[in-house]
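In: below are the sequence and a predicted model; questions follow.
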Number of protein chains: 2
Amino acid sequence: MLTKKQYDLLMFIHNRVQNDGVSPSFDEMKAALDLRSKSGIHRLITALEERGFIRRLAHRARAIEILRLPENVDGTGTRGGFRPSVIEGDLSRRPEPKDAISAMGGQTVNEDVDAQSVPLIGRIAAGIPIEALNTGAMQIGVPSMMMSSSGEHYALEVKGDSMIDAGIHEGDIVVVKRQASADNGDIIVALIEDHEATLKRLRRKGGAIALEAANPAYETRLYRSDQVKIQGKMVGLIRTY
Amino acid sequence: MLTKKQYDLLMFIHNRVQNDGVSPSFDEMKAALDLRSKSGIHRLITALEERGFIRRLAHRARAIEILRLPENVDGTGTRGGFRPSVIEGDLSRRPEPKDAISAMGGQTVNEDVDAQSVPLIGRIAAGIPIEALNTGAMQIGVPSMMMSSSGEHYALEVKGDSMIDAGIHEGDIVVVKRQASADNGDIIVALIEDHEATLKRLRRKGGAIALEAANPAYETRLYRSDQVKIQGKMVGLIRTY
DNA sequence: CAAAGAGTGAACACATATAGAACATGCGGA
DNA sequence: TCCGCATGTTCTATATGTGTTCACTCTTTG
């Protein structure tokens, strides 16, 4: 759990981000908490990072991102804090998925765990469509650090060994961020000719799209760009022994 | 997450894309932010790209794509262009994870996320002791399914490639359950002669203990059982791309 | 192909921001 | 009470952010 100071600081940052879109500098936080030194802020920030409430880019100004909030986001404002527009009450989370981008991630937040739930929606393998086990889609907890704060994520269980040289084994669970485009070299979920989903590395060659397996036993296959729809980009992997 | 200037520029680009359908040139951005040089814009653009707000095509004019906006911006009605398409019609998402999970009747005590925190206490590699135990032990969220309900768990970052054939790469995080014994074939954290910690596969040979790497470049080493102390057994792996 | 348009990037000067050490204080639990 | 921990402070050291100028390179277009 957080100390009061840590909580205050987290709320201050959150409010600032909500209102300005810009995270505060150490000096501004210092003023907000009524301190005379930025070092105190530094330690609080470090503590928040350790506890998984925020994430930072090292050595970048104002590069703070809020990953989650404590359970009781009630805004017992110490200072003249503004109410966040998105978060209300304690457990009532936002009902509108379309807001998922403007709010923090759109997944549930637990009181003390640096993780979020994503749906495990099926399996994926070379040559085999994603099975729809939509019914009762299982939820799986995924470390927040694995996901970007915005966007939608889902999980798939890996079948087959086509990506084994990338350290992706049968039975592993891959976490995917849903997006329609990706960069060269990304591992993506690709839907081929609207019926076959596969996990491969993306490589663009001129106007064509190459889908590379990470296993010499499988050949790279080339497609026209209209044959392939990118369903998302792999952002993480979870394996249980 | 962003500095004021970065935020201003992002908003300017966003508005221009919304209104004109074309992203502004550096000169136009220069004028908009009241600068006298495009170089400043160039650096801001680089910063925005680094932070994942925009994407660019190198050496292409006006080839800026907005990936996301800061959290305070209401994206309603503006997201049409880059809302990724869904995987398949009937696989579409389940926007209310909490309902899904409670509807499944899982015996979750933690009503929200199926995960727990474990401390990330250091790094491990062949031949190198586990570094620094306490200094700012960062907590990491780990799926509950990865851990047994009892027992103590911790996490280590992997250095080196000695287990690469087991799909364990440099930078991966391994989740370990603390225990003093393990079965043949388990991957364990072993402390050798009280000074060297290593991640290896356990193989007992008569009275001796063999520690096998999963990389042909490393040799299996044999120890007397009094030379090796088992620190725990690997139960999971987490990788972020 | 040449010119215009667009983007890159080094270098300099300041302004801001972050990192940490070192030491002091106050509070709650063993 | 003693100890550990979160917290406050002061100071010092670095690193990053910003605005500018200048010299190119790359693309697009007539």
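Out: That came in fine, so what should we check first?
In: what angle separates the longest strand anywhere in chain A from strand B:228-240?
Out: Ranked by number of residues, the top strand in chain A under DSSP state E is strand A:228-240. Counting by axes from the mean of the first three to the mean of the last three CA atoms, to 10 degrees, strand A:228-240 lies at 160 degrees to strand B:228-240.
In: would you put the C-alpha positions of strand A:228-240 in PDB?
Out: Only the C-alpha atoms of strand A:228-240 are listed here, as PDB (Å, rounded to 0.1, in the frame of the first residue of the first chain):
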ATOM      1  CA  VAL A 228      -2.700  -9.900 -44.900                       C
ATOM      2  CA  LYS A 229      -4.500  -8.100 -42.100                       C
ATOM      3  CA  ILE A 230      -2.400  -7.200 -39.100                       C
ATOM      4  CA  GLN A 231      -4.400  -8.100 -36.000                       C
ATOM      5  CA  GLY A 232      -1.900  -6.900 -33.400                       C
ATOM      6  CA  LYS A 233       1.600  -6.800 -32.200                       C
ATOM      7  CA  MET A 234       3.200  -9.100 -29.700                       C
ATOM      8  CA  VAL A 235       4.200  -7.200 -26.600                       C
ATOM      9  CA  GLY A 236       4.800  -9.900 -24.100                       C
ATOM     10  CA  LEU A 237       5.200 -13.500 -23.300                       C
ATOM     11  CA  ILE A 238       4.100 -15.500 -20.300                       C
ATOM     12  CA  ARG A 239       5.200 -19.100 -19.600                       C
ATOM     13  CA  THR A 240       4.300 -21.400 -16.800                       C
END
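In: got phi/psi on residue A:60?
Out: phi -130, psi 140 (degrees, to the nearest 10).
In: what pLDDT does it get?
Out: Note for residue A:60: predicted pLDDT of 87.
In: mind checking how far it is from DNA strand D?
Out: Distance, residue A:60 to DNA strand D, using CB to the nearest atom of the strand, to the nearest Å: 4 Å. (Each C-beta comes from the backbone N, C-alpha and C, glycine too.)
In: which ones are touching that residue?
Out: Each residue near residue A:60 by CB atoms under 8 Å, 6 or more residues apart in numbering or on different chains is listed here: B:47, B:50, B:51.
In: what about it, distance to residue B:140?
Out: 22 Å (CB to CB, to the nearest Å).
In: now the residue most central in space within chain A: phi and psi?
Out: The residue lying closest to the centre of chain A (CA atoms, centre = their mean) is residue A:147, at 1.8 Å. The phi and psi values for residue A:147, taken as degrees, to the nearest 10, are phi -120, psi 150.
In: what's the nearest residue to it if we skip its chain neighbours?
Out: residue A:153 (5.3 Å; CB to CB, 6 or more residues apart in numbering or on different chains).
In: that neighbour: neighbouring residues, count only.
Out: 23 (other CB atoms under 10 Å in any protein chain shown).
In: and residue A:58, by the same measure?
Out: Residue A:58: 5 neighbours (other CB under 10 Å).
In: doesn't it fall inside a strand?
Out: No. When classified by DSSP: H, G, I helix; E, B strand; the rest coil, residue A:58 is found to be coil rather than part of a strand.
In: distance from the chain centre to the host helix or strand of residue A:222, please.
Out: Assigned by DSSP states H and E, residue A:222 belongs to strand A:221-224. Relative to its chain's centre, strand A:221-224 lies at 29 Å (CA atoms, centre = their mean, to the nearest Å).
In: and the worst-scoring helix or strand of chain A on mean pLDDT, what does it pack against?
Out: In chain A, no helix or strand scores lower on mean pLDDT, DSSP states H and E than strand A:115-124, which sits at a mean of 75. Packing contacts for strand A:115-124, counted by 3 or more CB pairs under 8 Å, 6 or more residues apart in numbering or on different chains; DSSP states H and E, involve strand A:138-143, strand A:153-158, strand A:173-177, strand A:196-205, helix B:97-103, strand B:115-124, strand B:138-143.
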